[in-house]
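Colleague: just coords:
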């Protein structure tokens, strides 16, 4: 008798067994859980867009007379203005995502020849297709904010003036103010530029907000604050069932210049660093000993994806199968469907014992493969601190007058 998968008869690949394979391309993703592994700690997307504004609409007239009929007025001027002024504030937070491409080949193997009513076993396993790779794509959280001052202004002024002492009582009229102006001024912004560096812009002056050294006490203390870049990008995996990746970056660095502190507090300490010394046109900088020490704080996110697969076998009619029940032994049950969980390891297989129907017709089986649930993602966050030592011994830099290049030793 034959077994049909998805309505297609599978020809035997060997004299002893027939193999059915199906390649499935799984795509799955989740938002980052930046603090813990629980769903309540997901860093949720955030968006804020609010405007505070004041509007006005005013008209005024000045004339030489008080009558409603203005035709005899020596002069008549009318001015009007309307518009609004306000502040537009925006902020957004992208939580970051972890997406996985996980192509998988499922294999079902069963005997080549099965007699009606015979007990046989279907063996199921999974593996990575040989010509493709699995990928994990990691995008870290992103924050941006801005505050804009805006003005929408419309204004006009027109008038008429008559000169009765001039022959023919000459009058002149026209519009001498006509303004339609809608400027927008960015007061401040906090957002990544095209290179991904976060920069602060205040009234048109742009400077890196993070990653720059702030020197205090004449350079004795150096502080640097970094905005962690937790983009790991796209990572390919050629082998392995569980995909693992991590993103790591510095957050805060505090460094003390040891030699400056020692020479400041100790009497008769030798000069350990040379300031710029001009000699015959050469500019020379150097240090006998230069050392900085301090703590460095950082953050590491680790991501792991190890799916658990579920397989459903649907039969075109009821099929008997032995089921072991504690206290009762093997019990024969009939069903049109079988479901089971595959081992995570691709080298493992499970067996499904079935009785071939004894009616003599081919048995049609429709397999469905799926990932069990979303618990396959694991995301852990670690905050760490380490000692940072930077030491220079016998360093020398020479800047000659005849070239722009510097020569450094040490």
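Modeller: Received, thanks. These numbers come from a predicted model, not from an experiment.

Colleague: just checking, residue 161 touches residue 62?
Modeller: No: Residue 161 lies out of contact with residue 62 (C-beta atoms under 8 Å); the separation is 11.6 Å. The C-beta positions use only the backbone N, C-alpha and C, and glycine is treated the same way.

Colleague: ok, the two, which is more surrounded?
Modeller: Neighbour totals were compared for residue 161 and residue 62, and residue 161 leads with 15 against 11 (other C-beta atoms under 10 Å).

Colleague: angles on the backbone of the more buried one, please.
Modeller: Main-chain torsions, residue 161, degrees, to the nearest 10: phi -130, psi 130.

Colleague: residue 50: neighbour count?
Modeller: Residue 50: 9 surrounding residues under other C-beta under 10 Å.

Colleague: element containing it?
Modeller: Using DSSP states H and E, residue 50 maps to strand 46-63.

Colleague: what does residue 90 give?
Modeller: Per DSSP H and E: strand 75-94 holds residue 90.

Colleague: ok, residue 345 - contacts?
Modeller: residue 241 (C-beta atoms under 8 Å, 6 or more residues apart in numbering).

Colleague: what about 10 Å?
Modeller: Going by C-beta atoms under 10 Å, 6 or more residues apart in numbering, residue 345 touches 125-126, 241-242, 306.

Colleague: that one: what secondary structure?
Modeller: Following DSSP: H, G, I helix; E, B strand; the rest coil, residue 345 is assigned to coil.

Colleague: against residue 129, how distant is it?
Modeller: Distance of residue 345 to residue 129, computed by C-beta to C-beta, to the nearest Å: 17 Å.

Colleague: now residue 172
Modeller: 88 Å.

Colleague: on the three-state scheme, residue 240 is what?
Modeller: Residue 240 ends up coil, using three-state DSSP.

Colleague: which ones are touching it?
Modeller: 128, 134, 306, 346.

Colleague: residues near the third one, how many?
Modeller: Burial of residue 306, expressed as a neighbour count using other C-beta under 10 Å, amounts to 15.

Colleague: excluding chain neighbours, what is closest to it?
Modeller: Once flanking residues are discounted, residue 306 sits nearest to residue 242: 3.7 Å by C-beta to C-beta, 6 or more residues apart in numbering.

Colleague: give me the contacts around the strand holding residue 50.
Modeller: Contacts for strand 46-63 (C-beta under 10 Å, 6+ apart): 70, 73-95, 143, 145, 148, 150-157, 159-160.

Colleague: avg pLDDT for that strand?
Modeller: Strand 46-63 carries an average pLDDT of 72.

Colleague: partner strands of it, parallel or antiparallel?
Modeller: Using DSSP bridges, strand 46-63 pairs in its sheet with strand 75-94 (antiparallel).

Colleague: immediately after the strand holding residue 90, which helix or strand?
Modeller: Next along from strand 75-94, by DSSP H and E: strand 97-111.

Colleague: now the element after that next one, going C-ward?
Modeller: strand 119-127.

Colleague: give me the mean pLDDT for that next one.
Modeller: So the average pLDDT for strand 119-127 ends up being 90.

Colleague: if we go by neighbour counts, what in it is buried?
Modeller: 120, 122, 124-126 (16 or more other C-beta atoms under 10 Å).

Colleague: still on that earlier bit, same list, the contacts of residue 345, but as a markdown table with distance to residue 360 please.
Modeller: Below are these laid out as a markdown table (distance: C-beta to C-beta, whole Å):
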| residue | distance to residue 360 |
| --- | --- |
| 125 | 30 |
| 126 | 33 |
| 241 | 41 |
| 242 | 45 |
| 306 | 44 |
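
Colleague: tell me which of those is nearest to residue 339?
Modeller: Of all those, residue 339 sits closest to residue 126, with 15.4 Å by C-beta to C-beta.

Colleague: what sits against that closest one?
Modeller: 22, 24, 104-107, 241, 307, 309, 311, 342-349, 369.

Colleague: could you list every residue that touches residue 318?
Modeller: Going by C-beta under 10 Å, 6+ apart, the list of residues near residue 318 reads 333-337, 357.

Colleague: mind doing that once more with 6 Å?
Modeller: Applying C-beta atoms under 6 Å, 6 or more residues apart in numbering, we find residue 318 in contact with 334, 336.
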